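Visitor: with the sequence up front, the predicted model follows.
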Amino acid sequence: MVFNLSEKDTIANRFIAELRDLDIQQDRMRFRRNLERIGEILAYEISQKLHYEPVLVETPLGSITIPLPADKIVLATILRAGLPMHQGMLHYFDQADNVFIAAFRKHHKDGTFDIQLDYISTPNLEDCILIISDPMLATGASVDLALKALERYGKPKNVHIATVIASTAGVEAIKRRWPKAGIWAGAIDEELTAKSYIVPGLGDAGDLAFGEKI
């Protein structure tokens, strides 16, 4: 399934507009907070797909049975751009275990590039709900490589991929490679440049959040 937050008019439109805005996005703190906000909203949307079980809660004046999430949730992100969005999801799934993946683009002289993984920190993923967040889903190569690398740590019950901006090509690529995974996007843009940047997109999320790398 593919969920596109921008298909409905909500307050999320403002956060996505600010993330895209050339002037507003120069405020790094605001940019990071807006990434967090989209993470929080998508976490709420994903929560509707979880399994719930009734739990008895004692109040000062009595008791009440409330359905609470019963799944083991593991939040994963790709460093460094994914950190603010991951933190937003962690605000809602505050008991979740966490996966951190270091990945980078290795550029070649002909203008092409490969995605290389550098480091993975992860718990056992067997039978969990795995939610992997990456602000930009361009070609889908980073998420694809990350999910393949995580396969050796156990088989999740369900996989959800959360992103702020996706390209149509990236969504289609993930659907082909991971047909059972849910894709949750703040917005989906049609165009992808020859260098695999999303248009109109928002630029480089990692650089805007944390400063340009050398």
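Guide: Received the coordinates, thanks.
Visitor: go ahead and confirm residue 68 touches residue 52.
Guide: Yes - shown here, residue 68 and residue 52 form a contact pair, counting by Cβ atoms under 8 Å, at 6.3 Å. From N, CA and C alone the C-beta is placed, and that goes for glycine too.
Visitor: which residue is nearest the centroid of the protein?
Guide: residue 133 (1.9 Å; Cα atoms, centre = their mean).
Visitor: what sits against that one?
Guide: 39, 42, 75, 76, 77, 82, 85, 86, 89, 161, 162, 163 (Cβ atoms under 8 Å, 6 or more residues apart in numbering).
Visitor: distance check, residue 51 against residue 72.
Guide: 10 Å (Cβ to Cβ, to the nearest Å).
Visitor: ok, residue 17 next?
Guide: Residue 17 is 36 Å from residue 72, by Cβ to Cβ.
Visitor: so between the two, which is more surrounded?
Guide: Higher neighbour count among residue 17 and residue 72: residue 72, with 18 against 12, using other Cβ atoms under 10 Å.
Visitor: how about the contacts made by that one?
Guide: Residues near residue 72 by Cβ under 8 Å, 6+ apart: 97, 127, 128, 129.
Visitor: and those residues, which are buried?
Guide: For the contacts of residue 72, a burial check counting by 16 or more other Cβ atoms under 10 Å picks out 97, 128, 129.
Visitor: wouldn't the first one be in contact with residue 76 here?
Guide: No - between residue 97 and residue 76 no contact is recorded; they are 9.4 Å apart, counting by Cβ under 8 Å.
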